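Trainee: I'll drop the sequence and a predicted model, then ask my questions.
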Amino acid sequence: MKKSHLEELSTIFENDGILHQQEDMIAYSYDASHIEKTPEAVVFATSTDQICKLMQFAYREDIPVTPRGQGSGLSGGSVPIEKGIVLVLDRMRKMLDFDPENRLITVEAGMTTSDIDPIVASADLFYPPDPGSVTFSTIGGNIAENAGGLRGLKYGVTKDYVKMLKVVLPKGDIVTIGSKCVKHVAGFNLEPIFVGSEGLLGIITEVTLALLPIPKHRESALVVFNTLNDAAQCVSDIIAYGVTPSTMEFMDKTTINAVQNFKDCNLPRDAEAVLLIETDGEKNSAIGEMKNIKKAAEKNSFRSFSLAGNTKERDLLFEGRRIALNALANVKPNLILEDATVVRSKLPDMVRGICEIATKYNLMVGIFGHAGDGNLHPTFLIDKNDTDEMKRTEKAVKELFRLAIDLEGTISGEHGIGLEKKPFLEDQIGSAGIQLLCDIKRTFDPKNLLNPGKMFDFPNSTSN
Amino acid sequence: MMVQRQREQAETHLLRAAQEFQKCMQCGKCRSVCPVFKEIGNELYVARGKNKLAEKIVSGDLQITSRVKDAINECLNCKTCSANCPAGVSPEHVVLRLRWYITTREGLGLFKALVFRQLLWRKWPIIAGAVFIGFVQRILLDIGPQNPVRHLFPLFGFSKRRNFPRLALRPAQSLYPEVIPSKKGTPVKRIGYFTGCAGNLIYTNVVKSVVDILTGYGYDVVIPKDQKCSGTPVLANGDYEGAANLMEHNFNLFRRYDLDAIVVSCSSCGLALKKEIKLFIDNCDELREFCDKIYDINEFLEKEVQFGPNDLGRLPYRVTYHDPCHLNRGQDVRKEPRSLLMKIPGLIFKEMQDAAVCCGSAGSYCLTHYETAIQINNHKIKNIQKEYVEYVATACPTCIMHIQDNLLQHHSGEKARFVVEILADSLRKAGTI
Ligand SMILES: Cc1cc2nc3c(=O)[nH]c(=O)nc-3n(C[C@H](O)[C@H](O)[C@H](O)COP(=O)(O)OP(=O)(O)OC[C@H]3O[C@@H](n4cnc5c(N)ncnc54)[C@H](O)[C@@H]3O)c2cc1C
Ligand code: SF4
Ligand code: SF4
């Protein structure tokens, strides 16, 4: 980056708000995916105004800008693939307004998601989306990726809670979209276009989120199955039964054993699969729902069905699920975690298909995930230094996406396209779909300077 | 030119670092827990960033620049990252390996070489220096811990804002014979005591408390005269070989005395002898036996000693407890010190918020990185002050030093004490010891 550029940047960001040394560039060259690229400068924003000035500057000087929250993304979204400037938002973490009467909270986009809960709990409210990364991802990153979580089945995902956004557009204009009202139709319904936009259309700086009352009661159960198929079928049946658990998590045998090796969470090592199910709400209805779940489970020859008797037992159950990924990470040196997702009725087909793919390519796979919403995390356990295994994994991943699409599912349930899944997006949405995305992008960002190279190839862009 | 052996050693350090950082999934969870990152807010200083730096150094894409050194020196070895890492990485070991790698290649520098290889080994110059300073502190300038000795600190690159505790006039070890007999006739057991330099030269009252309690409850206490530094400051400062020499020395020394157990009153020395020593001495039966014998003093007292109903005198204090990183995450000892305190009649135990968060001391870190160390510590002080306590108890000399310093900066008086000191007060009050 030119000296004059750095000088101009330092007039926008204070002294400790800008980095450009080689070592720092390495530190901002990656996220939780497998791709890295060093930027030329990193800036730390503390206000919307600074970001507005930054984008005016970047547009004038043709410099790419990549927004970044905490860099916990799994699809390479905050990797500055076209170099340029990384704009870090994690210092914009103020609570701006808490409005318990209307069940709303307005925060800066760099606030860590789990920081919201202690603030709103004082009014008996909670913010439902809870990605596995709640304690370290930003709310802005969650919105940009439309993050989901364990409670997605009953409570939906990030997009269901975004009421208002303050966004800096690529050329530097600041817009506030949405409304605090429950109902509003003033203009196009614009909020959703930024939810899941992966930092390509604008930089979210402030957000107003809807909150819900904390459920009064919770029932948690562990259901153990002798076959994978029974477990997957049971999920479909429970939904068909008309019950909506707040959580319905799935773990296969590989995952169960990885967890047990990592930490004893009382999971049965010889089971083929378990479901971890929770219902919540008024006490009687939560209990009633759980009874219905048991009935649905009975149709699928489960081996055991045990209710958590107290908070400690419940915590232990959930601990197992929470540490699943960590536990799997300890089985082999590396892993590739996917988030292929299908409609719930297709879950048995999906699980079977994944197992077939793993067998075909002689790979170890652990399957766990948010079974209730069809969002599975098939996790290939590999050793990156084993080139043959890596080749087989690449093929397997490709086939996995094909399978999801063939089952009318999606290649990403929550982690986004970014760089990791860019080659597969056209398979799902077709060339006309890609064209539409490009046209939208061009409307917002004609020079393709905001997070370029992600999601799809912009015509004339220099990206590969 | 580096000699062959040194080069090999340096390569081994890189290899070991690589074995560790390769497990990192780059998830970013450490961002939410690393105390240094919380203050500095630059990814370069968080565990994940340090792992990435190590990766680049190993692959040859990055040289050891001054900024690299700066980044790897910004680590408290507090192990919070390891304790929370989903993938089971120990980033502080990556940091240590890099420090060892760098000093193996570049040499220690005059000051560190003098201290780690000469003074700590010979001991007497340090003792003489400490006693001299202690003398000056008292006789000439007896104005408590806020004494002007600190004006000498910038000479060594340390901040002079630091308040420094009074050094002893006589090293604790010189107050006792090598074997201190039980006060209760035939000894129950023979216990070795590793006093640590801080116990020997600064916090002599801790040594006295430990000796009084143990002999008072019927143990013979053996303080081998030739014990040397445990090696912790040496290894943390990048001197692998210096640390290895010290570890080997203490290992061989203590084995010569027929001991049932060895107690340690400094959390870092305890960690060094219980666990870190395994990085320096090849695994063997003798080593396992040695490590199994090491107990933190709080752990030992809680496990071994039955305090009778009338043994403990009333102490009407409110006391809170700060978990030293090397005791809590390092040795999994957290219940014991609290439980000892709670045994004392009249004492009201107040659990403070974030008791287990690092106080920022980290041995010499708080000397060399004073400003960040104090920023980290400010959270601790706030949490202590919220409890309105007479004392904050802990079990690590450098925590005490740092917390006490900052308490004074916050006009909060002399409040930081060792758990065993308070316990001994109570036992003495009842006339038990
Ligand atoms: C262990 C682990 C568990 C995870 N579990 C889940 C899970 O359960 N569900 C789930 O959905 N995801 C999960 N993730 C993925 C990841 O945490 C989420 O995608 C998260 O939303 C990313 O937030 P971040 O702040 O880290 O954003 P980053 O990774 O920094 O950025 C993600 C994307 O958002 C863009 N962006 C960031 N901030 C802004 C902003 N303010 N304005 C515009 N664009 C912005 C970036 O450019 C990038 O494209 C997990 C990740 C890990 C490592
Ligand atoms: S928490 Fe562990 S795995 Fe995650 S980034 Fe930090 S060191 Fe790596
Ligand atoms: S040991 Fe402590 S200071 Fe060092 S990287 Fe880990 S959390 Fe940060």
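Mentor: Thanks, I have it. Ligands and ions are numbered 1, 2, ... in the order given.

Trainee: hang on, A:Glu8 in a strand?
Mentor: No - assessed with DSSP: H, G, I helix; E, B strand; the rest coil, A:Glu8 is helix; it does not lie in a strand.

Trainee: roughly how far apart are it and A:Val224?
Mentor: Distance, A:Glu8 to A:Val224, by CB to CB, to the nearest Å: 62 Å. C-betas here are computed from N, CA, C, even on glycine.

Trainee: do the same with A:Lys53
Mentor: 58 Å.

Trainee: Which pLDDT value goes with the nearest residue to A:Thr279 once chain neighbours are set aside?
Mentor: Among residues not flanking A:Thr279 along the chain, A:Glu289 sits closest, at 4.1 Å (CB to CB, 6 or more residues apart in numbering or on different chains). You'll see A:Glu289 listed with a pLDDT of 94.

Trainee: With B:Glu106 instead?
Mentor: So B:Glu106 comes in at 85 (pLDDT).

Trainee: follow-up on the earlier one: what's the spacing between the helix or strand hosting the residue nearest to A:Thr279 and its chain's center?
Mentor: Per DSSP states H and E: A:Glu289 is located in helix A:283-298. The chain centre lies 29 Å from the centre of helix A:283-298; the measure is CA atoms, centre = their mean, to the nearest Å.

Trainee: Check which helices and strands it is in contact with.
Mentor: Judged by 3 or more CB pairs under 8 Å, 6 or more residues apart in numbering or on different chains; DSSP states H and E, the packing partners of helix A:283-298 are strand A:217-225, helix A:228-240, strand A:273-281, strand A:302-307.

Trainee: go again using 6 Å as the cut-off
Mentor: strand A:217-225, helix A:228-240, strand A:273-281 (3 or more CB pairs under 6 Å, 6 or more residues apart in numbering or on different chains; DSSP states H and E).

Trainee: what about the next helix or strand after the second one and ligand 1, any contact?
Mentor: When you say that, I think you mean helix A:228-240. Note on helix A:228-240: by DSSP H and E, the next helix or strand toward the C-terminus is strand A:247-252. No - counting by CB under 6 Å from any ligand atom, ligand 1 is not contacted by strand A:247-252; separation bottoms out at 10.8 Å.

Trainee: Can you give the distance of strand A:247-252 from its chain's centre?
Mentor: Distance, stretch centre to chain centre, for strand A:247-252: 17 Å (CA atoms, centre = their mean).

Trainee: cool, stretch A:129-145 as well?
Mentor: 7 Å.

Trainee: Pretty sure B:Ala18 sits against B:Ile57.
Mentor: No - using CB atoms under 6 Å, B:Ala18 is not in contact with B:Ile57; the gap is 9.6 Å.

Trainee: What about whatever residue of the stretch 151-300 of chain A ends up closest to ligand 2, how many residues nearby?
Mentor: When scored by CB to the nearest ligand atom, the stretch 151-300 of chain A has A:Phe262 as its residue closest to ligand 2, at 13.7 Å. Neighbour count for A:Phe262, taken as other CB atoms under 10 Å in any protein chain shown: 19.

Trainee: so how many other residues sit close to the closest residue to it other than its chain neighbours?
Mentor: Once flanking residues are discounted, A:Phe262 sits nearest to A:Ala327: 3.8 Å by CB to CB, 6+ apart. Counted by other CB under 10 Å, the residues lying close to A:Ala327 total 27.

Trainee: what's A:Ala327 sitting at in phi/psi?
Mentor: Main-chain torsions, A:Ala327, degrees, to the nearest 10: phi -60, psi -40.

Trainee: now it: how far from A:Arg321?
Mentor: Where A:Arg321 is concerned, A:Ala327 sits at a distance of 10 Å (CB to CB).

Trainee: so who does the single nearest residue of the stretch 1-150 of chain B relative to ligand 1 touch?
Mentor: Nearest residue of the stretch 1-150 of chain B to ligand 1: B:Cys27, at 3.5 Å (CB to the nearest ligand atom). Listed by CB atoms under 6 Å, 6 or more residues apart in numbering or on different chains, the contact set of B:Cys27 reads A:Ala32.

Trainee: Check the secondary structure at it for me.
Mentor: B:Cys27 is classified as coil under three-state DSSP.

Trainee: Of A:Glu8 and A:Val224, give the one with the bigger neighbour count.
Mentor: For A:Glu8 versus A:Val224, neighbours defined as other CB under 10 Å are more numerous around A:Val224 (20 against 15).

Trainee: bridging residues for the more buried one?
Mentor: Per DSSP bridges, the residues bridged to A:Val224 are A:Val274, A:Ser304.

Trainee: doesn't A:Arg269 make contact with it?
Mentor: No - in this structure A:Val224 lies outside contact range of A:Arg269 using CB under 6 Å: 10.8 Å.

Trainee: Spatially central residue in the chain, please.
Mentor: Here I'm looking at chain A. Against the mean C-alpha coordinate of chain A, by CA atoms, centre = their mean, the closest residue is A:Ala147 at 3.5 Å.

Trainee: my bad, chain B
Mentor: Geometric middle of chain B (CA atoms, centre = their mean) lands on B:Ser268, at 3.0 Å.
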